[in-house]
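What follows is a predicted structure for the sequence shown.
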4 protein chains.
Amino acid sequence: MSVTSSQPRRPHSGSRRDEAARLAVLHAADDLLAEHGFGALTVEAIARRAGVAKQTIYRWWPSKVEILLDTLIEDSTKSLPVPTDKPTAESIRGYLRRFARFLTRDPAGKVLLALIAEAQHDPETAKSLHKRYLDPRRQQERDMLARAIEAGEVSPGLGPDATIDALVGPIVYRALTGASIPRGLVDTLVEDLLRPRSD
Amino acid sequence: MSVTSSQPRRPHSGSRRDEAARLAVLHAADDLLAEHGFGALTVEAIARRAGVAKQTIYRWWPSKVEILLDTLIEDSTKSLPVPTDKPTAESIRGYLRRFARFLTRDPAGKVLLALIAEAQHDPETAKSLHKRYLDPRRQQERDMLARAIEAGEVSPGLGPDATIDALVGPIVYRALTGASIPRGLVDTLVEDLLRPRSD
Amino acid sequence: MSVTSSQPRRPHSGSRRDEAARLAVLHAADDLLAEHGFGALTVEAIARRAGVAKQTIYRWWPSKVEILLDTLIEDSTKSLPVPTDKPTAESIRGYLRRFARFLTRDPAGKVLLALIAEAQHDPETAKSLHKRYLDPRRQQERDMLARAIEAGEVSPGLGPDATIDALVGPIVYRALTGASIPRGLVDTLVEDLLRPRSD
Amino acid sequence: MSVTSSQPRRPHSGSRRDEAARLAVLHAADDLLAEHGFGALTVEAIARRAGVAKQTIYRWWPSKVEILLDTLIEDSTKSLPVPTDKPTAESIRGYLRRFARFLTRDPAGKVLLALIAEAQHDPETAKSLHKRYLDPRRQQERDMLARAIEAGEVSPGLGPDATIDALVGPIVYRALTGASIPRGLVDTLVEDLLRPRSD
DNA sequence: AGGTAAACGAGACGGTACGTCCAGTCTTCGG
DNA sequence: CCGAAGACTGGACGTACCGTCTCGTTTACCT
């Protein structure tokens, strides 16, 4: 018997998790958020759009927040990596610019804003968002900052977390209030907060 | 003697808007948000708690967002006025500290966070929030800043709105992520962003 | 403008129960049972068919069994009254014949069979069926029988309930098993069970 | 009968139908019906209880009705045989008494009631119930009756099926309505219906 | 002083989404 | 090839709120 029908033609798999369904749900959630806003983001709508039964969603995700977290983590790992190579002020500025762009342009950025918003309404969301997204990312950002300080590139007047919040906060806040994020804002933040007067 | 009846004992009024009902709704909304979180803040629950018919709410407020805006405006006018008297760096720092305290301690601060959150989900909320709260307050903040600049007290490296966002953003962001706002953060923000290096 | 629109034009009433909705539900349930069988008799289908919201059903009926009981009581009061006037063997025979006809021909008869069936699956149904239908009707039947005995028309060899069950049981059983109920069966039951040999 | 292999030590057999699984399903169905009523009798629950995969059930039984029919046939063959030996009125009365006892006491009797009930809801069940249980049994009962008539033991005023229904109907009906079946009822039915007035 | 109009509480209504449960089908994997 | 395991679509369940509506009652204003 030869190699016949080696292409993976399977309507849906069976005893193992259906990867196609997983992706369909993730994309459906993303698309609905982008196209019709958070109000349209119901589990029923996701299921409808993904061509999947509601139960399949509830089997794998405890809530729609976790779906969004999945898409956010996947997307932001790809399109918004924290720099690990050159610990320079320049690379930090680049990261913040990409972050600003991510929040205002990339659909995945809307997902983060939506999750921050949802976290205000629901403590469970707050916990998940921290544990699965904010905290790990913050750790990487702290590393980035620590290496830049060690290299003598920057010397902030605040502790690591406060410094990062001072940089990131204005960007997030403007995104949340629908304002654009001008290049000069990021530059000035980096300039004023990472290189204080006294040297 | 006897008839005292100075207390407003009227089962319900008649042909004019019932002020007692208005206050009952506002307080019910506030209380529910504080006690049981945003999830419990349904129109039905507000009506139940306020001892008011649902229709009475819909008659006067187009949505529960407007209820929250009413409470927010009332409360933040009282407990968080924008300084108008002395245009000094010190008074700006004081304002920011009170703002930080408002967001993290005052129940009314939670209302602002909830509205910023809701604005991510619903454009109508975003519009109302800007028009009725953020924009007017921002105008006062711009005035405060302009007078301080004119008085030579501060000289920020950014335009007015960007400067204010750079100060306010970190505070809001930390509040949104459930972090405390240390005194040093506000001080350093004011120091670094309002009195940049002289060159 | 005169007496115009004295006819009761009201789309739906408001604060009082909507009689039109009540009837729509009852008829929808009846129709669905008749047209598509018990399997199609879901609350959702009834709501759909009646043009009524599901909640309107749950507001007034604790279960679909109670809906069926309502239709059954209403219908069988009309089309299958227990004779109250002439306490003769003939009137009893007539009643049994109408009962047989009701079970096999009248759509409302199917409702009774369905409820007897459902009572086997669910004790709550059994309780309701007895309390609201079987018991009151049985009381009337006992009265009918007692008066006939008193009048010397009949003299059964069994107690009242056993006698009635001996008459009614075969009819119900044949209906349940999809058999027809020949005239002679009813006649012979009356003959053999109500007028025993010894006199 | 050879090796008997009385200890049932086989985890599961392999290529032939697993008798242990078959029995486990049958008993699980019986037990669930007896313990938790018809409502608990879902295919999933049977599979769970029997320690068997759902598919194993669907492979061998087209529906849960057929499972119940299997148990019913097996049980009622054992505990409720139709008399074949002595064609007397007495043996018929004995059979009816055992039948009454079967319906009200034996768990397997509940299975028959449940199947009669289910047949009202689903035509497929009605067909199966007749074909596999009611019709064959009825044939035996007709034989029993015919032999008794031929022997001059009884002389009913009705045709065979009507006669049997007149005897069985009251018993089934009382069982369906949760009533007890007094000894005198069976006696009187036999007396009045099988030995009518001599004229 | 009486009549009218508005606001009130109450709550029924048609809807939409929730999260759960089961039916019946399908696929994988081990024996 | 059988059976255990279990993922999958589909659809009904009963609940919670939504925003709209109508009822009957209660004032306040305006003739």
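Sure, I can see it. Numbers count the residues shown, from 1 in each chain, chains lettered A, B, ... in the order given.

quick one, phi psi at A:Val25?
The phi and psi values for A:Val25, taken as degrees, to the nearest 10, are phi -60, psi -50.

Thought A:Leu68 was touching it, still the case?
No: here A:Val25 lies out of contact with A:Leu68, judged by Cβ atoms under 8 Å, at a distance of 10.9 Å. C-beta here means a position set from N, CA and C on the backbone, and glycine is covered the same way.

between those two, who's got more neighbours?
For the pair A:Val25 and A:Leu68, the greater number of neighbours falls to A:Leu68 (28 against 25), based on other Cβ atoms under 10 Å in any protein chain shown.

helix or strand for that one, which one?
Here A:Leu68, judged by DSSP states H and E, is contained in helix A:64-79.

tell me which strands and helices that helix is in contact with?
Counting contacts by 3 or more Cβ pairs under 8 Å, 6 or more residues apart in numbering or on different chains; DSSP states H and E, helix A:64-79 is packed against helix A:19-36, helix A:43-50, helix A:107-121, helix A:123-129.

So is it next to DNA strand E?
Yes: using Cβ under 7 Å from any atom of the strand as the criterion, contacts between helix A:64-79 and DNA strand E involve A:Lys64.

how's chain A carved up into domains?
Each domain of chain A is listed here as a residue range: A:17-61, A:64-194, per automatic domain parsing.

nearest to C:Leu134, of those?
domain A:17-61 (39.9 Å; Cβ to Cβ).

Pick out the residue of chain A closest to DNA strand F.
Chain A approaches DNA strand F most closely through A:Asp18 (2.8 Å), counting by Cβ to the nearest atom of the strand.

And that residue, how far from D:Lys54?
Here the distance between A:Asp18 and D:Lys54 works out to 18 Å (Cβ to Cβ, to the nearest Å).

Looking at those two, which one has more neighbours?
A:Asp18 (16 against 12).

returning to what we had before: mean neighbour count, the domains of chain A: which tops it?
Burial among those, expressed as mean neighbours by mean count of other Cβ atoms under 10 Å in any protein chain shown, is greatest for domain A:64-194, which shows a mean of 18.

State the distance spanning the first to the last residue of that domain.
Using Cα to Cα, to the nearest Å, the gap from the first to the last residue of domain A:64-194 comes to 38 Å.

related to what we said a few turns ago, can I get the helices and strands packed on helix A:64-79 in a markdown table with distance to B:Phe102 and mean pLDDT?
As requested, the helices and strands packed on helix A:64-79 are arranged in a markdown table below (distance: least, Cβ to Cβ, whole Å; pLDDT from 0 to 100):
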| stretch | distance to B:Phe102 | mean pLDDT |
| --- | --- | --- |
| helix A:19-36 | 31 | 96 |
| helix A:43-50 | 36 | 98 |
| helix A:107-121 | 15 | 96 |
| helix A:123-129 | 20 | 96 |
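
Quick one: closest of the ones you listed to D:Gly94.
When these are compared by Cβ to Cβ, helix A:43-50 sits nearest D:Gly94, at 60.6 Å.

Could you export the helix or strand just after that closest one as PDB, keeping only the C-alpha atoms?
Reading on from helix A:43-50 to the C-terminus, the next helix or strand found by DSSP H and E is helix A:54-60. Taking C-alpha atoms only, helix A:54-60 is exported to PDB below (Å, rounded to 0.1, in the frame of the first residue of the first chain):
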ATOM      1  CA  LYS A  54     -20.900  27.300  22.000                       C
ATOM      2  CA  GLN A  55     -19.900  24.300  24.100                       C
ATOM      3  CA  THR A  56     -16.600  24.000  22.300                       C
ATOM      4  CA  ILE A  57     -15.800  27.500  23.500                       C
ATOM      5  CA  TYR A  58     -16.900  26.800  27.100                       C
ATOM      6  CA  ARG A  59     -14.900  23.500  27.000                       C
ATOM      7  CA  TRP A  60     -11.600  25.300  26.500                       C
END
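
what's next to helix A:54-60, contact-wise?
With Cβ atoms under 8 Å, 6 or more residues apart in numbering or on different chains as the contact definition, helix A:54-60 has outside contacts at A:Arg17, A:Asp18, A:Ala21, A:Arg22, A:Val25, A:Val43, A:Glu44, A:Ile46, A:Ala47, A:Ile67.

isn't A:Leu185 right up against B:Leu158?
Yes: applying Cβ under 8 Å, one finds A:Leu185 in contact with B:Leu158, separated by 6.5 Å.

Determine the residues that are contacts of both of the two.
By the contact definition Cβ under 8 Å, 6+ apart, A:Leu185 and B:Leu158 are jointly contacted by B:Ala166.

who are the neighbours in contact with the residue of chain A found nearest chain C?
With distances taken as Cβ to the nearest Cβ, chain A approaches chain C most closely at A:Glu44, which sits 14.6 Å away. For A:Glu44, the set of contacting residues under the criterion of Cβ under 8 Å, 6+ apart consists of A:Lys54.

ok, it to D:Val172 distance?
As for A:Glu44, its distance to D:Val172 is 46 Å (criterion: Cβ to Cβ).

And for A:Ile171?
78 Å.

May I have the residues that are in contact with the residue nearest to A:Lys110 when sequence neighbours are not counted?
Spatial nearest neighbour of A:Lys110, excluding adjacent residues (Cβ to Cβ, 6 or more residues apart in numbering or on different chains): A:Leu33 at 6.0 Å. For A:Leu33, the contacting residues are A:Ala40, A:Leu41, A:Leu68, A:Pro107, A:Lys110, A:Val111, A:Ala114, by Cβ under 8 Å, 6+ apart.

Thought A:Asp30 was touching the fourth one, still the case?
The reference is to A:Pro107. Yes: counting by Cβ under 8 Å, A:Pro107 does reach A:Asp30; the two are 6.3 Å apart.

ok, residues contacting the next helix or strand after the helix holding A:Leu68?
Heading C-terminal from helix A:64-79, the first helix or strand you meet, by DSSP H and E, is helix A:89-104. Residues outside helix A:89-104 that contact it (Cβ under 8 Å, 6+ apart): A:76, A:79-80, A:82-83, A:85, A:108-109, A:112-113, A:144-145, A:148, A:153-154, A:167-168, A:171-172, A:175, A:180-181, A:183, A:186-187, A:189-190, A:194-195.
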